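Asks: Pasting a predicted model and its sequence here:
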Amino acid sequence: MFLGIGDRSRLILTGLAALVISAAVISIAGMVLGSARELLAVIPGLMVLLPASINMRGSISGVFASRLSSSMHRGEFEVDLREGEILGNNLRASFVITVLIAFVLGIFAYAVARLAALEVLGVLDLVLISMISGVVSGVVVMAITILVSVASYRYGLDLDMIAAPTVTTSGDIVTLPVLLLSAFLVILLPPGIRLALVAAALLLVAATVVYALQRTEEVRDVVRETTSLLIPLCFVGTLAGVTYTVSLDSLIAFAALLILIPPFAGGLGSIGGILASRLSTGMHMGEINPTLLPERGVVHQFIITYFYTLILLPLVAGIAHGGALLLGLNSPGLGVLVAISALAGVAIMTLVNGVAYVTATLSFRYGLDPDNFGIPVITSLIDLIGATALIAVITLVL
C-alpha cells in the first residue's frame, strides 16, 4: 500500500476528497430511489431501464471529460465552444450520442424485459420515457462536465482525478429523479398526446443523425466510435436492471438496500473511471506502455483503487443505513450493510482493474482512443457484475 501511495499523496487525496463528496451527494439519489419503491412496483419495466439510464449519462459525459483531460495534458485545450475546437467538437458529439443512445436504450429495455418474461410497459412508452429523461438529464450533466473541466483548466487541477466522481455523481443525482418524474408524467398523459410526443422524439433522432453526418470529421469519428461501443453496453445495462427487478421484492422489503444501490454502483464507477482516465492519459503521454503484463506504475494504480474502495464502501453503507432510519424505512442493520458493500465491492474492483487495463491496452494498440472506451466499458461492467455480486452477497448474508 505504501509503495502504491508513495509520492502521489496530493493526487490521491484529491481523488479521495472527490469520491467522498460524490458518495455523500449521490446518497441523496439513493434516498429518492428508496422513497420511490411504490412507483417502481406499479410501473412495470421501469427498474429495467433505470440502471442503464444512469450509467449512460455517466458514460457519455465520462468520455467527454476524459477526452478533454487528455487534451489538457497535451496542451491542446482551449475554452472555446465553436465548431472545430476541441471543446466545441466534443460537446456536439456528446449531444448527438445522448439522443441516439436514449432512443436505443428504450427499445432494448422493452426487448430484454420481454425476453426475461417480465411485465413491462409498451415499447413506445418506454422509448418516450427514455428519450425525455435522457435528453433533459444529458444536457444538464454535459453542462456540469463543461463547468468542471473549465474550472480544472483554470485552477490547474488534474481533471482525471475529479471528472469521474463529479460526472458519476451528477449523472445519478440528475438522471434518477428526472427518470422517475418522466415515467410518472408519461403514464398520466392521454394516449393521443403520448403518440404525438413519440413522433416528435423520432423526428429528433432523425434530425440528430442528419446533423451528425454534416459535422466535422472529428465529431463524426467520436460519434461513430462511442455509439458503436455504447449500443451493446446498453444491452448489458438492461441486464443489470433485470437482475434488480427479479429481486425487487427483497429490495423493497429492506429499502436501505435500494438506498445503497446508487452510491454503491456510483462509487465503484467513479473509482473505475479515475483508473481508466489515468491509464488513458498515461498512454497518450507515453508514461504507460501497453504491455501484456502491467508495469509497476500500473500496479500502483491498482493498489490505489483498493485503497479508495476500502474507505468509500463502508462509508456509503453507513450513509444508506442512516438514510433509511431518517426516512423511517427498513434496514438489515449497519454491520450487515457494511459487510454486503465491502465484500461485493472488493470482488468487483478486482475484476475492474483487469478489465480497465485490457481495454486501455487493446484500444491503444489498435489505434483507437482509449478515452472513448475505458469509462463506458467499466461503468457498464460495474452495472452488470455489481448488480449480480450485490444480489448474490445480499442473498448469502440475509
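Replies: The structure has been received and is ready for your questions.
Asks: Report the buried residues of the helix or strand where residue 138 lies.
Replies: Here residue 138, judged by DSSP states H and E, is contained in helix 123-155. Across helix 123-155, burial judged by 16 or more other C-beta atoms under 10 Å covers 123-138, 140-142, 144-146, 148-149, 152-153. To be clear about C-beta, it is placed using only N, CA and C from the backbone, and glycine gets the same treatment.
Asks: I'd like the next helix or strand past that helix.
Replies: helix 159-188.
Asks: can you map out the helices along the stretch 201-350 of the chain?
Replies: With DSSP state H, counting those that start in this stretch as the definition, the stretch 201-350 of the chain shows helices at residue ranges 217-246, 248-253, 255-284, 296-327, 334-365.
Asks: now, of those, which is deepest in the fold?
Replies: helix 255-284 (a mean of 28; mean count of other C-beta atoms under 10 Å).
Asks: Could you list every helix and strand in contact with that helix?
Replies: helix 9-35, helix 46-73, helix 159-188, helix 248-253, helix 296-327, helix 334-365, helix 374-397 (3 or more C-beta pairs under 8 Å, 6 or more residues apart in numbering; DSSP states H and E).
Asks: one more time with 6 Å
Replies: The contact analysis (3 or more C-beta pairs under 6 Å, 6 or more residues apart in numbering; DSSP states H and E) places helix 255-284 against helix 9-35, helix 46-73, helix 159-188, helix 296-327, helix 334-365, helix 374-397.
Asks: Tell me which helix or strand in the chain has the weakest average pLDDT.
Replies: In the chain, no helix or strand scores lower on mean pLDDT, DSSP states H and E than helix 2-5, which sits at a mean of 46.
Asks: quick one: the helix holding residue 138 to helix 217-246, angle?
Replies: Interaxial angle of helix 123-155 relative to helix 217-246 (axes from the mean of the first three to the mean of the last three C-alpha atoms, to 10 degrees): 120 degrees.
Asks: I'd like to know which elements helix 123-155 is packed against.
Replies: Partner elements for helix 123-155 (3+ C-beta pairs under 6 Å, 6+ apart): helix 46-73, helix 86-115, helix 159-188, helix 191-213.
Asks: any idea of the mean pLDDT in that helix?
Replies: Average pLDDT, helix 123-155: 90.
Asks: quick one, it and helix 86-115 angle?
Replies: Taking the same axes, to 10 degrees, one finds that helix 123-155 is oriented at 150 degrees with respect to helix 86-115.
Asks: Tell me what angle helix 123-155 forms with helix 159-188.
Replies: Using the same axes, to 10 degrees: helix 123-155 against helix 159-188 is 150 degrees.
Asks: i'd like the first residue to be 853 from this point on
Replies: Done: numbering now begins at 853, and the last item shifts to helix 975-1007.
Asks: Make sure residue 1230 is actually in contact with residue 1124.
Replies: Yes. Residue 1230 is in contact with residue 1124 according to C-beta atoms under 6 Å; the separation is 3.9 Å.
Asks: any residues in contact with both of those two?
Replies: residue 1204 (C-beta atoms under 6 Å, 6 or more residues apart in numbering).
Asks: closest one to residue 1100 among the helices and strands packed on helix 1107-1136?
Replies: helix 898-925 (6.0 Å; C-beta to C-beta).
Asks: which of the helices and strands packed on helix 975-1007 is buried the deepest?
Replies: Of the helices and strands packed on helix 975-1007, helix 898-925 is the most buried (mean count of other C-beta under 10 Å), at a mean of 28.
Asks: and residue 935, which of the three is it?
Replies: Reduced to three states with DSSP: H, G, I helix; E, B strand; the rest coil, the structure at residue 935 is coil.
Asks: ok now do residue 1093, which residues does it touch?
Replies: 899-900, 903-904 are the contacts of residue 1093 under C-beta under 6 Å, 6+ apart.
Asks: Could you do residue 1137 as well?
Replies: residue 925.
Asks: where in this structure is pLDDT low?
Replies: Along the chain, the parts satisfying pLDDT under 70 run over 853-860, 862-863, 1012, 1016, 1104, 1226, 1250.
Asks: picking that back up, kindly reformat the helices of the stretch 1053-1202 of the chain as CSV containing distance to residue 1014.
Replies: CSV is the format used below for these (distance: least, C-beta to C-beta, whole Å):
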stretch, distance to residue 1014
helix 1069-1098, 22
helix 1100-1105, 31
helix 1107-1136, 9
helix 1148-1179, 13
helix 1186-1217, 18
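Asks: what's the closest of the helices and strands packed on helix 1107-1136 to residue 1088?
Replies: Closest approach to residue 1088 among these (C-beta to C-beta): helix 1226-1249, 4.8 Å.
Asks: ok and the closest one relative to helix 1011-1040, angle-wise?
Replies: 70 degrees.
Asks: From the contact counts, what lies against helix 1226-1249?
Replies: helix 898-925, helix 1069-1098, helix 1107-1136, helix 1186-1217.
Asks: Out of these, the one nearest residue 1169 is which?
Replies: Comparing the helices and strands packed on helix 1226-1249 by C-beta to C-beta, helix 1186-1217 comes nearest, at 4.0 Å.
Asks: which helices and strands does the closest one pack with?
Replies: helix 1107-1136, helix 1148-1179, helix 1226-1249.
Asks: Specify the angle between it and helix 1069-1098 in degrees.
Replies: 150 degrees.
Asks: rewinding a little: pipe the helices and strands packed on helix 975-1007 into a markdown table and attach distance to residue 1202 per row.
Replies: Below are these laid out as a markdown table (distance: least, C-beta to C-beta, whole Å):
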| stretch | distance to residue 1202 |
| --- | --- |
| helix 898-925 | 20 |
| helix 938-967 | 27 |
| helix 1011-1040 | 19 |
| helix 1043-1065 | 38 |
